[in-house]
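1. Provide a 3D model corresponding to the input given below.
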Amino acid sequence: MKAYFIQLFNYDHYANLLIAEAIKKAGNPEKPVKLTTHLLAAQQIWLNRCKGELTIGGAWPDWKADTFEQIINDNHRAWINLLDYSDADDFGKMISYKSLNGDSHENKLSDILTHLINHGTHHRAQAGQHLKLAGADLPNTDYIFYIWEQLK
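-> As a prediction, the model looks like this:
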C-alpha cells in the first residue's frame, strides 16, 4: 500500500506542477489561482491532521501563483516523508482530527490519502476548465498519461 500511495503522490506532484505552469502561461487568471491555492492549502491541512498537529490558516488562503512551484515541491516532499516512515499497519489506523469548523472526525489514513488525491484531481479539473475558457492550452494531467511518461 505504501508504494501505491507514493506513486499516487508522485503523480499528484507532476500534475500540480503542470497546472501551475499552465496558470502562469495564461497570465495567472483569478479563478484557477484560487482553486490551486485551495488544493495546496488542503494538502497542508490534511498533512497536519495526519501528523496530529494543529491546523493553522484556512482552506482558501490568498497565495500568489508565483509561489505555487515551491509550495507544490514542499507539500510533495512532506507527504512522501510521511509515507516513507509509515508501516503497513499505519494505513489502517484511525486519524482523529477536527474540521475547520471544529467538528471532531476520525478516518483511516488510507481513506484520507485517497480523499486527498481525489480532491486534487477535482480542483485541477476545475482550474483547467477556467483556463480553457480563458483560451489557454491545457497540459494532459491524466493519471494514465503520467504512467506512460514514466515508462518511456
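
2. Okay, now the unreliable bits of this structure?
-> Per-residue confidence for the chain (pLDDT under 70) gives no ranges below the cut-off.

3. In it, mark out all the strands, start to finish.
-> Counting by DSSP state E, one finds strands in the chain at the ranges 94-98, 104-108.

4. Would you mind getting the angle between the first one and strand 104-108?
-> By that I understand strand 94-98. Between strand 94-98 and strand 104-108, the angle formed by their directions is 150 degrees, by axes from the mean of the first three to the mean of the last three C-alpha atoms, to 10 degrees.

5. helices or strands up against strand 94-98?
-> Contact partners of strand 94-98 among helices and strands, from 3 or more C-beta pairs under 8 Å, 6 or more residues apart in numbering; DSSP states H and E: helix 30-50, strand 104-108. Using the backbone N, CA and C atoms, a C-beta is placed for each residue, glycine as well.

6. hmm, try it at 10 Å
-> helix 30-50, strand 104-108, helix 109-133 (3 or more C-beta pairs under 10 Å, 6 or more residues apart in numbering; DSSP states H and E).

7. tell me how far that strand is from the chain's mean position?
-> Taking the mean of its C-alpha atoms, strand 94-98 sits 19 Å from the chain's own mean (C-alpha atoms, centre = their mean, to the nearest Å).

8. in that strand, what's buried?
-> Neighbour-count burial for strand 94-98, with 16 or more other C-beta atoms under 10 Å as criterion, is recorded at 95, 97.

9. Format the strands of the chain as TSV; extra columns: distance to residue 33.
-> What follows is those, written out as TSV (distance: least, C-beta to C-beta, whole Å):
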stretch	distance to residue 33
strand 94-98	27
strand 104-108	29
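
10. Of these, which is nearest residue 141?
-> strand 104-108 (26.0 Å; C-beta to C-beta).

11. pull the CA atoms of that closest one into CSV?
-> Output for strand 104-108, consisting of C-alpha atoms alone and laid out as CSV, is shown next (Å, rounded to 0.1, in the frame of the first residue of the first chain):
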residue,chain,number,x,y,z
SER,A,104,-14.5,16.1,15.5
HIS,A,105,-13.9,13.3,13.0
GLU,A,106,-12.0,10.1,12.6
ASN,A,107,-10.9,8.4,9.4
LYS,A,108,-8.4,5.7,8.3
